[in-house]
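Q: Build the 3D model from these lines:
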Amino acid sequence: MNDPEEPTEVVDAELVDDDRLPDLPETAAPARPLVDRHTILRPGELPATTRPSYTERDFYVSEATARRMDEQSASKNTDSNYRSQRGMFERWCAAMGRVAKPCTTATYVEYIVSLIARGYAPNTIRAHKSAIRSMQPEDAKPGTSVVNGVLKEYAKEWGKRNRVKKAPAITEPMFRAMVDTCDPRHPIGIRDRCALILGRGNLHRRIELADLILPQVDVEDDGVAVWVAMSKTDQDAHGEETFIPAAPDDLLICPVDATRAWFRMLHRLGVREGAFFRALTSAGTLQSRVTATDRGDNVSGDAINDWVRGRAYKAGLPNWQAITAHGLRRGGAQEIADAGGDPTKQGRWKEGSAVVKREYLDRAQSRAENPWLKVQAARRAQSDA
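A: Numbers count the residues shown, from 1 in each chain. Prediction:
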């Protein structure tokens, strides 16, 4: 018999019918690791099993970051071209009842073929192809194998019918005639002479000249050292220095004389920092840049072109309309190759550049070994005899 003073144990229980068992709580399934083909695990590290909870803060960037993103490495010209090319694609898609973003591979191929039907140059179509594909989401880009195959065959056909017209090389006689038009007493003449000589001596692209700032140009007695902060083959802006030797016995085209003269003129104009080449009025004063583009005091590549073409016109060159700043680069590289040198480093081409080999080195060798030169030499030998 139980002791009435002993506490009674109370047990919670669920009453059920004899033929039914109670519902048992569901056992939670073990969490599956969050692993995909991009996961990288260190030795001994376990994969995560739960996803983080994101808030709006995780998706927004600051104003400063947004500005930096807008100033990313792609040039303004590239941005403008891409906007134009993407706009064309979007309008075409709207007219055809197709989705522009994200587009299907079929739409991508159809549009490229439509550009081929219009007779666009292969390089132009490649630019459109790149602009369209880069506008697509990373995980929804159209396939490229068919487009690349079609374009490759079209490029062969197009090449048989067309020859790309390049800006003429500015040869040494042309270069001297252009430099000779530069008035050494006028600021514009001093500036243009310096631009011509540095452009040819350093095999500059026009935008490289336009982007120069004062600290990047260093004049020494034996030559001019120019630091090119970024170039077409240096998009990450590692920078590279190029040196032009002085020509004390040929003052007309001496880089040291020309650069020092322009530095002195900049000092007289009150310029102590910033852009190296400046926009000037016809009177030789600094041009107001209040309404200038976002390049600030730096001139544009088109302005460099205008200066070079203007000097070709003043020199009375018969093909002055076709001459551009690129002719300085081509002419200088061609003269180096003809003399047996390699212009690769001076022009900041990539090592082993196919362009340098095809356009300059092979050309120079081919002309030097031309069989007609042997014929001419034989004739001279006969006449001397």
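Q: how about the strands of the chain, start to end?
A: Secondary structure of the chain, counting by DSSP state E: strands at 217-220, 223-228, 240-245.
Q: Nearest to R268, out of those strands?
A: Shortest distance between R268 and these, using CB to CB, is found for strand 217-220: 16.5 Å. C-beta: built from backbone N, CA, C; applies to glycine.
Q: Quick check: neighbours of the closest one in the sheet, parallel or antiparallel?
A: Strand 217-220 pairs in its sheet with strand 223-228 (antiparallel), by DSSP bridges.
Q: buried ones in the strand it pairs with?
A: Within strand 223-228, the residues scored as buried using 16 or more other CB atoms under 10 Å are G223, V224, V226, V228.
Q: Just the CA coordinates for that strand, please, in CSV.
A: Output of strand 223-228 as CSV, limited to C-alpha atoms (Å, rounded to 0.1, in the frame of the first residue of the first chain):
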residue,chain,number,x,y,z
GLY,A,223,66.8,62.7,-75.4
VAL,A,224,63.2,62.8,-74.2
ALA,A,225,61.7,60.1,-72.0
VAL,A,226,57.9,59.7,-72.2
TRP,A,227,55.9,57.7,-69.7
VAL,A,228,52.9,56.1,-71.4
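Q: how near is G223 to A246?
A: In this view, G223 and A246 are 5 Å apart by CB to CB, to the nearest Å.
Q: Serialize the strands of the chain to TSV and add fields for mean pLDDT and distance to L196.
A: TSV is the format used below for those (pLDDT from 0 to 100; distance: least, CB to CB, whole Å):
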stretch	mean pLDDT	distance to L196
strand 217-220	95	15
strand 223-228	94	13
strand 240-245	92	12
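Q: Could I get these in JSON lines, plus columns for distance to L252?
A: Formatted as JSON lines, the strands of the chain follow (distance: least, CB to CB, whole Å):
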{"stretch": "strand 217-220", "distance to L252": "17"}
{"stretch": "strand 223-228", "distance to L252": "16"}
{"stretch": "strand 240-245", "distance to L252": "15"}
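Q: among the ones you listed, which is nearest G284?
A: Closest approach to G284 among these is made by strand 217-220 (20.4 Å; CB to CB).
Q: what's that closest one in contact with?
A: L198, V224, A225, V226, W227, V256, T259, R260, F263, F276 (CB atoms under 8 Å, 6 or more residues apart in numbering).
Q: can you do 7 Å?
A: Residues outside strand 217-220 that contact it (CB atoms under 7 Å, 6 or more residues apart in numbering) are V224, A225, V226, V256, T259, R260, F263, F276.
Q: what's the answer for stretch 171-185, then?
A: Stretch 171-185 is contacted by residues 189-190, 192-193, 196-197, 200, 252-253, 311-312, 314-315, 317, 331, 335 when judged by CB under 7 Å, 6+ apart.
Q: rewinding a little: out of the contacts of strand 217-220, which two sit at the greatest distance?
A: Taking CB to CB, no two of these sit farther apart than V256 and F276, at 15.5 Å.
Q: between the two, who's got more neighbours?
A: With neighbours defined as other CB atoms under 10 Å, V256 and F276 compare such that F276 has more, 26 against 20.
Q: neighbours around the residue nearest to that one when sequence neighbours are not counted, how many?
A: Nearest non-adjacent residue to F276, counting by CB to CB, 6 or more residues apart in numbering: L212, 4.0 Å away. As a burial measure, L212 scores 22 neighbours (other CB under 10 Å).
Q: Thanks again, I'm all set now.
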